Each structure stands twice: as structure tokens, then as C-alpha cells.
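Chemist: pasting a predicted model and its sequence here:
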Amino acid sequence: MLEQKAAGTVTSGPASERVLPPYPEADLMHVVDLLPDGERERYVQIREFLQSHIRAASIDYWNREEFPFGLLAEMAGFGLGGLQTDGSSQLFKGLMYTEVARADVSLSALVGIHNELIVGMINELGSPEQKRKWLPGLQAFTQLGAFALTEPDHGSDIAGGLSTTARRDGGEWVISGAKRWIGAGTIADFALVWARDVSDGHVKGFIVETDRPGYSATKISNKIGLRIMQNADIVLEEVRIPASNLLPGATEFSRANDLLRDSRAWVGWQAAGIQLAAFDIARSYALERKQFGKELARFQLVQQQLADILGNANASLSMMVELARIQQAGKLQMVQAAMCKATTTRLARSSVAMGRSLLGGNGITTDYEMGKLFGDAEILYTYEGSYEINSMIVARAVTGKSAFV
Ligand SMILES: Cc1cc2nc3c(=O)[nH]c(=O)nc-3n(C[C@H](O)[C@H](O)[C@H](O)COP(=O)(O)OP(=O)(O)OC[C@H]3O[C@@H](n4cnc5c(N)ncnc54)[C@H](O)[C@@H]3O)c2cc1C
């Protein structure tokens, strides 16, 4: 087992405690053993890189709300821009999202949205010309797309309420409207904009290059989480794009359903990752910090919190492994994606709150990383459908009654 291999002999402390506990990596259920050999080696290699190069480096960027282009380039070298199309299993892809989130949640949002919603949409719904033009740069992470669905006046009700318009004018489309919260909106090469065709009322997907006249993006500052991700308010003022920028597979919103379902599920992997990170920090801190003359780890109430965080993290990870199993078999539906997203993010919120409290005052500052996780968990709880909306998707599926309106 990977975890047991990682354990070695310890250096100090009473003789009875001179062997490291067998689970310093927190994967008590040996989930990683489910990967086939080739993927397991790749997983170990990338995890090591994320832990040693990305995790500590991301904190300053998070504090400064700055995008780490250098770190992205390093991640590109490990193929993280091409997970969607490189033949990886669903489990491997999911565990990658978890490990990136364990290192930094914002970067995992970038990697996840990029693979699931940008590469995925162009690969599945794009024309041969669109694929030729965009996929190589996206897969290499030298180009970025932004997924532009949410609007200032429509969040949870976006599917029915979307008000950005698309008007056909000869060989062009003219896009007008506003989008809010759009990840990478200020740094992307193009935005995948969802707009309502005024002629037939259908919501369609368009590739809008960000250097087109009439496109403007303003960074949303002062966020309490996901601070590395450059979320933007986007205004589209009569933006003209060639007719060929319409995704031929996205001429109705429902055509994007499978990809939106998968991206909802992706948040569950992030929720597992943030909890593993919370466990890492809480465990180290409890072993180092002394009060009343002994390590915090010796107090029962602290042990309770450590066990709860670890239990939540493993419950989330195990749930996601089962999701990957049905996803790989082509059986994943929105109800399971919503259930896993809602449940794992609820647990994540609880885990980071325990972690924050376990660090006392030091849990308040990002210097000890836990404060960063505390803010980031709020985003997981809210985006890709809020906790409440996902819960209602689940309950509608089991009762046949909709509580949305
Ligand atoms: C950091 C961040 C990054 C994001 N990135 C992107 C992105 O890249 N692209 C993109 O398109 N969008 C993005 N989003 C948008 C995100 O998906 C929305 O914020 C989310 O869907 C919720 O919409 P809203 O914020 O408008 O909240 P609202 O829909 O206004 O909801 C407010 C509250 O009311 C509750 N509520 C709403 N309707 C009901 C109901 N019928 N019954 C019960 N409760 C209800 C909600 O659960 C929530 O608690 C991002 C958001 C954030 C915060």
C-alpha cells in the first residue's frame, strides 16, 4: 500500500512511538490501489510534484489574488491540461482533481473547468475546424477558455432565465448581454458564452474570442475564497463573431447536459481534496503544538476532530470512487452527480471548520494554510449549483415533486 510504504521510522519521542503511524497520507480505504499500474505511477509522480512545487507556493498568490502563470506552466508539463482527452480513466482524472485541490483549490477549479467544460465542450460539441484550432493549445495549457453561463441577474435559475442574446446577421452572430463570476474571464483567450438565439429562443454555445471589439472583463476582487482564480464580470456589447463560432453540437442547452452533469460531479473530487488538505494541516499541527505541557494530539477532543475530518474525507473520497465506477460504465445521471456534490461539499464545509478551530488563532491566518481552505470551501458549497439547488435535484428525483418554483 502506498501509505504504508510512505511510513518509516521516526526520529524522536518515546520508544513505543518511534514508528510512524501507517496512514500519514490519509487514504485509509486504499482508494489509490484501485488505479491500474501505469496510472498509479503517474498519480504518485504528479502528487509528489503538486505537494512539493504547488502547495506552499500557492499561498502567496492566494493572498495577493494573483494568477500563477509560472505554476500553470509547470502543471502543463505533467499533462494536466489534457486529462479530458488523453484516455485517462474516470478514477485517475478524479484523483488528479482531488490532488490538485489538496495542493490548491483555485488551481483545481482551473484544471477542472478547463478539462470538463472547455476541452470537453469543444471536443464533444465543437466542429472539426474548432477542434483543430483550439484543442492543441488548450491541451498544452498554453491557451485558456472561460465558461460563461451565469449572469448578474440569473444564477440558480439560469437554465430558464438566461437573458444574453445572440442575433444572426448575415455571416455573423451578434452577442449582447452580461455574465458574472466567470472563471479566468480576464486571462482567457476565448469565452464559451451561452446566449439565447432571438430567432428560435434556444440557448446556444458560442466561442467568443476575448479580443473581439465589445468584449470587456473586469476582475471580481475581495473574494473570501478561490482568490487565485480570476473571476470576472463580463460585458458583451454587440460582439460580432463569425457564424462558424457557434458550437454545432450546442444548438440547444440540453445538449450540454452530460458535460454539465460531469462538471457538477467534479466538485466532489475537489471537496475530497480540500478535506485531505485540512487533515494534513490539522494532523501536523496537533503533533507539534503543545498546550498544558503536551501535544494537542494527546487531548481527546482534538483527537475527535482529527477522526471526524479524516472520516469525512474518506467518506467523500469513497463516494466519489463509486461515482467514478458508474461514470466509467456510462451510467452516471444528474441525480448521483447532485447527491455527491451536495454531500461532499457539506462534509467539506464541516471539515474545514473543525480544522480551523483545531488550529486556534493560527487557523485564522493563511500563514498556516487552514484559513485559505476555510474560505475556499465556501465556493465549493456554492458553485456548480448551490448546496440547496443540488439537494432539490436529488429530492425531486426520489419524490417526483419539484420544489424549485
Ligand atoms: C467563485 C465563484 C466562481 C464561479 N465560477 C463560475 C464560472 O466560471 N462560470 C459560470 O458560469 N458561473 C460561475 N459561478 C457562478 C455559480 O455557479 C453561481 O454563483 C451559483 O450557481 C449560484 O448562483 P447565484 O450566485 O446567482 O445565487 P442565487 O441563485 O441568487 O442564490 C442565492 C441563494 O438562494 C438559494 N436559492 C435560489 N433559488 C432557490 C430555490 N428555488 N429554492 C431554495 N433556495 C434557492 C441558493 O441556494 C442560494 O443559497 C461561480 C461562482 C463563484 C462564487
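Modeler: Looks like it came in fine.

Chemist: for the rest of this, base every contact and every neighbour count on C-alpha atoms.
Modeler: OK.

Chemist: please identify the helix or strand for the residue nearest the centre of the chain.
Modeler: Note on the chain: the residue nearest the mean C-alpha position is A109, at 3.4 Å, using Cα atoms, centre = their mean. Secondary structure assigned from DSSP states H and E places A109 in helix 105-112.

Chemist: pLDDT wise, what is the closest residue to P152 other than its chain neighbours at?
Modeler: Beyond its immediate neighbours in the sequence, the residue positioned closest to P152 (Cα to Cα, 6 or more residues apart in numbering) is R180, lying 5.2 Å away. At R180, the model reports a pLDDT of 98.

Chemist: what packs against the strand or helix carrying R180?
Modeler: Assigned by DSSP H and E, R180 falls within strand 172-183. Other elements packing on strand 172-183 under the criterion 3 or more Cα pairs under 8 Å, 6 or more residues apart in numbering; DSSP states H and E are strand 145-148, strand 165-169, strand 231-242.

Chemist: look up how far the ligand lies from D367.
Modeler: If you measure D367 against the ligand using Cα to the nearest ligand atom, to the nearest Å, the figure is 21 Å.

Chemist: quick check: A191 is in a strand.
Modeler: Yes. With DSSP: H, G, I helix; E, B strand; the rest coil as the criterion, A191 is part of a strand.

Chemist: near the ligand, anything from the strand holding R180?
Modeler: Yes. For a cut-off given as Cα under 6 Å from any ligand atom, strand 172-183 has contacts with the ligand, namely W181, I182, G183.

Chemist: any chance of the residues you listed in CSV with neighbour count as columns?
Modeler: Supplementary listing: the residues of strand 172-183 next to the ligand in CSV, determined by neighbours: other Cα atoms under 10 Å:
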residue, neighbour count
W181, 22
I182, 24
G183, 27
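
Chemist: for this protein, which element, helix or strand, carries the lowest mean pLDDT?
Modeler: When the helices and strands of the chain are compared on mean pLDDT, DSSP states H and E, helix 2-6 comes out lowest with a mean of 35.

Chemist: beyond it, next helix or strand please.
Modeler: With secondary structure assigned by DSSP H and E, helix 2-6 is succeeded by helix 37-49.

Chemist: next SSE after that following helix?
Modeler: The first helix or strand that comes after helix 37-49 along the chain, using DSSP H and E, is helix 55-64.

Chemist: who in the protein is up against the ligand?
Modeler: Taking Cα under 6 Å from any ligand atom as the test, the list of the chain residues beside the ligand reads 147-150, 154-156, 181-183, 226, 379, 382-386, 388-389, 404-405.

Chemist: now, these that are in strands?
Modeler: Filtering these for membership in strands, criterion DSSP state E, returns F147, A148, W181, I182, G183.

Chemist: can you pick out the most distant pair from those?
Modeler: With distance counted by Cα to Cα, no two of those lie farther apart than F147 and W181, which are 9.7 Å apart.

Chemist: next, the angle helix 105-112 makes with the longest helix along the chain.
Modeler: Within the chain, and with DSSP state H defining each element, the longest helix by residue count is helix 257-288. Taking axes from the mean of the first three to the mean of the last three Cα atoms, to 10 degrees, helix 257-288 and helix 105-112 form an angle of 150 degrees between their directions.

Chemist: could you list the buried residues of helix 257-288?
Modeler: Burial within helix 257-288, assessed by neighbour count using 16 or more other Cα atoms under 10 Å, is assigned to 259-283, 285-286.

Chemist: same question, stretch 141-154
Modeler: When burial is assessed from 16+ other Cα under 10 Å, stretch 141-154 yields the following buried residues: F141, Q143, L144, G145, A146, F147, A148, L149, T150, E151, H154.

Chemist: please apply the same query to stretch 203-216.
Modeler: Of the residues in stretch 203-216, V203, K204, G205, F206, I207, V208, E209, T210, Y215, S216 count as buried by neighbour count, 16+ other Cα under 10 Å.

Chemist: state the distance from the nearest residue to the first one once chain neighbours are set aside to the ligand.
Modeler: Taking Cα to Cα, 6+ apart, and ignoring the residues beside it in sequence, V203 has R196 as its nearest neighbour in space, at 4.2 Å. R196 sits 15 Å away from the ligand when distances are taken as Cα to the nearest ligand atom.

Chemist: ok so R196 is a helix residue?
Modeler: No. Remark: R196 does not belong to a helix; assigned using three-state DSSP, it is strand.

Chemist: OK, contacts around it?
Modeler: Contact analysis of R196 by Cα atoms under 8 Å, 6 or more residues apart in numbering lists L162, S163, T164, T165, A166, H202, V203, K204.

Chemist: now swap in K179 and tell me
Modeler: Residues in contact with K179 (Cα under 8 Å, 6+ apart) are A148, L149, T150, E151, P152, D233, I234, V235.

Chemist: turn those into CSV, including pLDDT.
Modeler: Written out in CSV, the entries for the contacts of K179 read as follows (pLDDT from 0 to 100):
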residue, pLDDT
A148, 98
L149, 97
T150, 98
E151, 98
P152, 98
D233, 98
I234, 98
V235, 98
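
Chemist: returning to what we had before: which one of the helices and strands packed on strand 172-183 lies nearest to Q130?
Modeler: Of all the helices and strands packed on strand 172-183, it is strand 231-242 that lies closest to Q130, at 12.0 Å by Cα to Cα.

Chemist: partners of the closest one in the sheet?
Modeler: Strand 231-242 sits in its sheet next to strand 172-183 (antiparallel), strand 215-219 (antiparallel), going by DSSP bridges.

Chemist: before we move on, back to that, now render the contacts of K179 as JSON lines, adding distance to P128.
Modeler: What follows is the contacts of K179, written out as JSON lines (distance: Cα to Cα, whole Å):
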{"residue": "A148", "distance to P128": "22"}
{"residue": "L149", "distance to P128": "23"}
{"residue": "T150", "distance to P128": "27"}
{"residue": "E151", "distance to P128": "29"}
{"residue": "P152", "distance to P128": "33"}
{"residue": "D233", "distance to P128": "30"}
{"residue": "I234", "distance to P128": "28"}
{"residue": "V235", "distance to P128": "29"}
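
Chemist: from these, pick the one nearest S88.
Modeler: Looking across those and measuring by Cα to Cα, the closest to S88 is A148, at 26.4 Å.
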